[in-house]
Each structure stands twice: as structure tokens, then as C-alpha cells.
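Engineer: sequence-free structure coming up:
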């Protein structure tokens, strides 16, 4: 069975209609928004009511991994709120119904043959489901603003997301534990089978020594604390984040209010690099195009192709070093010139990212510079991948 990026990569590279199994967190076509089809081709395979490959960990949104198009062909999930296993194929015989210019796209459509499994008593949680717990992250409303003119302000926001863990967390952590990425104020989210197990685990655990999921290299803006309700437990950092997370779990949160981003003195360079690596491994390339700079803008398709190549070579798992000062001698003149233009002086750090299991030597190491931005745009921190 293939999960997330591996499932998407196999689907893109398959050469015939041989069935294969994929797993993940899916929304079936009954909850997908239908359109007139890709390229306005009315053929069944491209006629909308489709979804993407499900991520290996729920992220609150289900746009799928990469650009893969899944056609459910009348199959549905019981409720779309549990992990599922599907038998699928590409190169469907209905490709012949597509227009000649669309047939390549039709061949690559992933067609669902059957839903083999969609949760069981061992994966159920109550009263809060895994999906509902993860979707509370959308209420965090992480935002700050900068004055850009006499009456003009720029809002900079962040989105929290989850990524798969390399190994299950030890007891008393439950089956469903997710590392939180996107902002250092948030560490992990755990969904227990029931409230009793959550309460017993919380009494035995120390928020400062989670023992799983929380990356100790991330610089945090405040002391660790628990936020909890029913069968859900979160580790957050600093009182503002704790209060916000607790309000989201309780349902008392004011969604019009926002949680400020960490202050300017916090070194977020490692966090930025780690989040980019985690996002790519999860198949989420929005805002994290991990490719060296080119003469033209980085294209999303190129980032997707790189992600698939890394999946094939087992080069998505990563280890990040402690980092060092980004000097002109260390990064080179061209990168240094870019840092001088857009980075706050003294905030740049150079990180070496190893992919120790890569079967392709060319994909075994990346060198990335992260810095605070002088003029924030999509975030207050950014990174560059060195060629």
C-alpha cells in the first residue's frame, strides 16, 4: 500500500491499468465541488466531482498531493472522517472518450475501483474525531500586520499543518499523534480513543519532555503547556497560544481575533527549514518550493516533479544539522547579494539537510539559508536553497 507522496508518484509514473493500493485521508467525490472538467472536456474521467490523492496525515484541507486527479466512479466513503484504503488504477479504458488533446491527462487519472477499508474500532476516537481535532487548527488565525503607507497595512498570516511521523509515539501517547508545523508556538496534537485515556496520559506526561513528535531544535517563544478537551491534547508554547488553542477546543474562540506571530527576537531560521522539509514530505508545496533559484520564477510543476523524484529515491526523510552563520564565504557571492537585499542583517543561518536513505547521490544533501525578511510578504521569514 502506498501513502501520500509515494501514492501520487506511483500514479504519475504508472504505465498501464494494473491496480494498486493507496491509503490516506480522503474526501470522496460526494463532497467535492464539481466543475465543467479539465480543459472543458466533458468526458467522464475529467468531468469534475474528483479529488486529489489523500495526504498521509490529515492537514485540515484535502486538496490532495501534487497534481493527481482521483475519479471516484460512483464509490463513496462512509463519512470521510477516517483513514481509508482504496484499490485504484490509471490508464482507464474510458480514455478513448476524451478529446485527443486531453487523452494524456485522462490516462493519468486515478480511478477508484473499490474502497477496501475506511476505519475500524481500533482507529475510532470519540467524542472528537481526528479530522475535527485537526480542523480546529484553522481557528488559530495566526497573523501580524505591517504599516506600508500612511493608511496602508500588510497582513502576514501563517497556516498550521500536520505531517506524518517516522515512527509511532510510545505509550501513553495514542495512535493519532501529529507534529504541528507552521509556527513555533505549536508543538503537537494528540487524539485519544476517549477522554479517560487522555486524562490518564496527561497526568503522566510532561509538556516540557513530550518524548515524541516535538522537534527539540525548534526555538520556542514561551514555556510548554497543555491545552485539552475531551479526548484531545495539544502541546503549545506561551500563554497566548495556550489560550487560543484552548478556546478552539472549547468552541469559545473569537474567530475575528488573531494570534500574533512570535516577536522579532525569536530565531525562527531552523523552524523555517524544518517546516519546508516536512511540508514537502507530506506533499504540501504551498509556499514551500524547495528548489534552487533560477533566472525565472520557480514553477509549481518543477517542485512537484522534484518531490516525486525524491519519493522514488527515498530522499524525503531528512536530518537537519545545527546550522551556522550565513557568511559570504559560506554561501557564495550571488546568494550573499540576495541576502543583503532582502534579509535582516545578522539573522541568516546556513543549514545542511541530509537525506541519509537516498539511493540517488545527487539528492542526498541540500544547503539552505533561512533569514528574517526586511520587508515581510507571505511570511516574516524566508529561505533560499543553494544551487
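Structural biologist: Sure thing, it's come through. Fair warning: this is a prediction, and the values are worked out from it, not measured in the lab.
Engineer: and the pLDDT at the residue nearest the centre of the chain?
Structural biologist: Centroid-nearest residue in the chain, with Cα atoms, centre = their mean: residue 279, separated by 4.1 Å. pLDDT recorded at residue 279 is 89.
Engineer: what about stretch 157-171, start to end distance?
Structural biologist: Criterion Cα to Cα, to the nearest Å; first-to-last residue distance in stretch 157-171 is 35 Å.
Engineer: distance from that stretch to the middle of the chain?
Structural biologist: 9 Å (Cα atoms, centre = their mean, to the nearest Å).
Engineer: go on, stretch 353-373?
Structural biologist: The chain centroid and the centroid of stretch 353-373 are separated by 18 Å, computed with Cα atoms, centre = their mean.
Engineer: residues of that stretch that come out buried?
Structural biologist: Using 16 or more other Cβ atoms under 10 Å as the test for burial, stretch 353-373 gives 353, 355, 358, 363, 366-373. C-betas here are computed from N, CA, C, even on glycine.
Engineer: between these, which is closest to residue 15?
Structural biologist: Using Cβ to Cβ, residue 363 comes nearest to residue 15 of these, at 23.1 Å.
Engineer: shouldn't the closest one be in contact with residue 317?
Structural biologist: No. Look at residue 363 against residue 317 with Cβ atoms under 8 Å: they stay out of range, at 11.2 Å.
Engineer: anything in contact with each of the two?
Structural biologist: Both residue 363 and residue 317 are contacted by residue 355, under the criterion Cβ atoms under 8 Å, 6 or more residues apart in numbering.
Engineer: so, low pLDDT: which residues of the stretch 201-350 of the chain?
Structural biologist: Where the stretch 201-350 of the chain drops to pLDDT under 70, the residues are 287-299.
Engineer: from residue 182, how far off is the residue nearest to the centre of the chain?
Structural biologist: Distance of residue 279 to residue 182, given as Cβ to Cβ, to the nearest Å: 9 Å.
Engineer: what touches both of those two?
Structural biologist: residue 161.
Engineer: got the domain ranges for this structure?
Structural biologist: According to automatic domain parsing, the chain comprises the domains 2-118, 130-250, 269-385.
Engineer: quick one: closest of those to residue 257.
Structural biologist: domain 130-250 (6.8 Å).
Engineer: tell me the secondary structure at residue 104.
Structural biologist: helix (DSSP: H, G, I helix; E, B strand; the rest coil).
Engineer: all helices for the stretch 151-300 of the chain, in order.
Structural biologist: 195-204, 239-250, 269-282, 300-312 (DSSP state H, counting those that start in this stretch).
Engineer: got TSV for these, with distance to residue 15 too?
Structural biologist: Converted to TSV, those look like this (distance: least, Cβ to Cβ, whole Å):
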stretch	distance to residue 15
helix 195-204	46
helix 239-250	46
helix 269-282	25
helix 300-312	14
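Engineer: deepest in the core, which of these is it.
Structural biologist: Most buried of those, by mean neighbour count (mean count of other Cβ atoms under 10 Å): helix 269-282, with a mean of 23.
Engineer: end-to-end on stretch 250-270?
Structural biologist: Span of stretch 250-270 from end to end, Cα to Cα: 32 Å.
Engineer: what do you get for stretch 286-301?
Structural biologist: Using Cα to Cα, the end-to-end distance of stretch 286-301 comes to 12 Å.
Engineer: same thing with stretch 168-179?
Structural biologist: Chord length of stretch 168-179, first to last residue, is 11 Å (Cα to Cα).
Engineer: which of the residues in that stretch are buried?
Structural biologist: Neighbour counts over stretch 168-179 (16+ other Cβ under 10 Å) mark 169, 172-174, 176-179 as buried.
Engineer: ok, stretch 223-241 next?
Structural biologist: For stretch 223-241, the neighbour count (16+ other Cβ under 10 Å) marks 224-238, 241 as buried.
Engineer: just checking, what packs against the helix or strand hosting residue 113?
Structural biologist: According to DSSP states H and E, residue 113 maps onto strand 110-118. Counting contacts by 3 or more Cβ pairs under 8 Å, 6 or more residues apart in numbering; DSSP states H and E, strand 110-118 packs against strand 70-71, strand 84-89.
Engineer: partner strands of that strand, parallel or antiparallel?
Structural biologist: Strand 110-118 has these partner strands in its sheet, going by DSSP bridges: strand 70-71 (parallel), strand 84-89 (antiparallel).
Engineer: quick revisit: just name the most buried of the helices and strands packed on strand 110-118.
Structural biologist: Of all the helices and strands packed on strand 110-118, as judged by average neighbours under mean count of other Cβ under 10 Å, the leader is strand 70-71 with a mean of 24.
Engineer: show me the contact partners of that one.
Structural biologist: 26, 29, 44-45, 49-53, 64, 88, 92, 109-112.
Engineer: how far does that strand sit from the chain's center?
Structural biologist: 21 Å.
Engineer: which residues touch the closest residue to residue 234 other than its chain neighbours?
Structural biologist: Computed as Cβ to Cβ, 6 or more residues apart in numbering, the closest residue to residue 234 that is not its neighbour in sequence is residue 227, at 4.6 Å. Residue 227 sits next to 233-234, 236, 242, 245-246, 249 when contact means Cβ under 8 Å, 6+ apart.
Engineer: of these, closest to residue 80?
Structural biologist: Among the contacts of residue 227, and counting by Cβ to Cβ, the member closest to residue 80 is residue 249, at 21.6 Å.
Engineer: wait, what's in contact with the closest one?
Structural biologist: 136, 227-230, 232, 234.
Engineer: hmm, 7 Å instead?
Structural biologist: Residue 249 makes contact with 136, 227, 229, 232 under the criterion Cβ atoms under 7 Å, 6 or more residues apart in numbering.
Engineer: for burial, what's the neighbour tally of the nearest residue to residue 238 once chain neighbours are set aside?
Structural biologist: Leaving aside its sequence neighbours, residue 238 sits nearest to residue 222 (Cβ to Cβ, 6+ apart; 2.6 Å). Number of residues near residue 222 (other Cβ atoms under 10 Å) recorded here: 16.
Engineer: right, I'll call it a day here.
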